[in-house]
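take this sequence and fold it.
(one chain, ligands or ions: 2)
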Amino acid sequence: MSQPLIIAVPKGRILAEVMPLFARAGIHPEPAFSDEASRALRFATDRADIGLIRVRAFDVATFVAHGAAQIGVVGSDVLMEFDYSELYAPVDLDIGHCRLSVAEPADMAAKDDPRSWSHVRVATKYPNVTRRHFEARGVQAECVKLNGAMEIAPVLGLSNRIVDLVSSGRTLAENGLVEVERIADVSARLIVNRAAFKTRAAQVLPLIEAFRAAVERKSAA
Ligand SMILES: Nc1ncnc2c1ncn2[C@@H]1O[C@H](COP(=O)(O)OP(=O)(O)OP(=O)(O)O)[C@@H](O)[C@H]1O
Ligand SMILES: O=P(O)(O)OC[C@H]1O[C@H](OP(=O)(O)OP(=O)(O)O)[C@H](O)[C@@H]1O
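Ligands and ions are numbered 1, 2, ... in the order given. The predicted structure follows:
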């Protein structure tokens with residue numbers, strides 16, 4: 001038999017939504033996979049031809065782009081940030097919905113007009129997306145790279161604005177911030193390494209179809 005395909009899945013918040021999707025696609029991981037306390041990184045499934053690895057959300061794209069895993073599940077926010085040409089994203093999985101937005105302190109927003117900006121200092125986990133977004137409208141963005149807790153940066157003077165994911169808006173509100181511009185809507189995608197897509201088509205294509213059908217079954221339910 002050929003080598004098992006490796007699917008990279010992000011730990012953290014998407015995992016809970018990924019599990020039912022995998023079940024609908026006919027893939028059942030060993031129990032330790034959904035146990036966040038487990039220290040294992042690699043997991044078997046009930047299919048001998050499919051193994052899973054559980055890695056950080058931003059690293060899923062890197063593992064798949066370099067061919068260390070052939071398939072992955074990752075937010076479109078991560079794909080936008082890395083822009084890897086080695087990745088093909090054939091299926092929108094309709095999970096992990098949120099948006100990537102610019103936010104600033106509420107008192108600043110009350111007197112602010114985004115059309116007047118020429119230079120902004122932004123704390124973000126997404127410096128590439130942020131620079132591209134502002135460049136497209138003639139604004140120079142100076143980015144301070146953080147890996148989390150962006151919302152605390154403005155009040156401490158680290159930046160005057162942030163670019164981060166927003167879902168309910170609760171994190172912004174509890175930190176005195178308001179959303180002033182939406183950069184993109186985000187959802188999780190199935191990604192495939194382009195080389196594996198060609199060289200292992202017999203294994204990869206049925207799996208893409210299984211995930212497509214799993215998403216359709218969910219929206220029909
Ligand atoms: N509030 C949210 N609502 C819905 N989806 C979200 C939300 N925040 C993040 N996501 C999606 O989940 C992915 C992983 O986010 P998560 O917050 O679990 O990562 P993280 O904890 O920052 O990851 P890590 O600690 O591994 O760097 C994001 O890339 C995004 O696509
Ligand atoms: O609009 P809300 O519903 O409040 O969601 C937005 C928050 O969710 C994400 O963080 P997460 O909770 O994943 O924690 P993190 O800072 O560890 O990434 C994101 O970075 C925001 O901080």
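
for this protein, what spans make up the strands?
All strands of the chain, identified by DSSP state E, fall at 5-10, 42-44, 50-55, 71-75, 87-92, 98-105, 119-124, 140-145, 161-166, 177-186, 188-193.

elements contacting the shortest one?
Spelled out, it's strand 42-44. strand 50-55 (3 or more Cβ pairs under 8 Å, 6 or more residues apart in numbering; DSSP states H and E). (C-beta placed from N, C-alpha, C; glycine too.)

quick one, the strand it packs on and strand 71-75 angle?
40 degrees (axes from the mean of the first three to the mean of the last three Cα atoms, to 10 degrees).

if I take strand 50-55 and strand 5-10, what angle do their directions form?
30 degrees.

output the contacting helices and strands for strand 50-55.
Partner elements for strand 50-55 (3+ Cβ pairs under 8 Å, 6+ apart): strand 5-10, strand 42-44.

quick one, which of those strands is packed in tightest?
Most buried of the helices and strands packed on strand 50-55, by mean neighbour count (mean count of other Cβ atoms under 10 Å): strand 5-10, with a mean of 23.

and it, does that touch ligand 1?
Yes. Applying Cβ under 6 Å from any ligand atom, one finds strand 5-10 touching ligand 1 at residue 10.

that strand pairs with which strands?
Using DSSP bridges, strand 5-10 pairs in its sheet with strand 50-55 (parallel), strand 71-75 (parallel).

what's near enough to touch the residue nearest in space to the middle of the chain?
In the chain, the C-alpha nearest the mean C-alpha coordinate belongs to residue 75, at 2.1 Å (Cα atoms, centre = their mean). Going by Cβ atoms under 8 Å, 6 or more residues apart in numbering, residue 75 touches 10, 14, 57, 96, 98, 186, 187, 188, 189.

who wins for most neighbours among the residues you listed?
residue 188 (28 neighbours; other Cβ atoms under 10 Å).

residue contacts, residue 116?
Taking Cβ under 8 Å, 6+ apart as the definition, residue 116 has no contacts.
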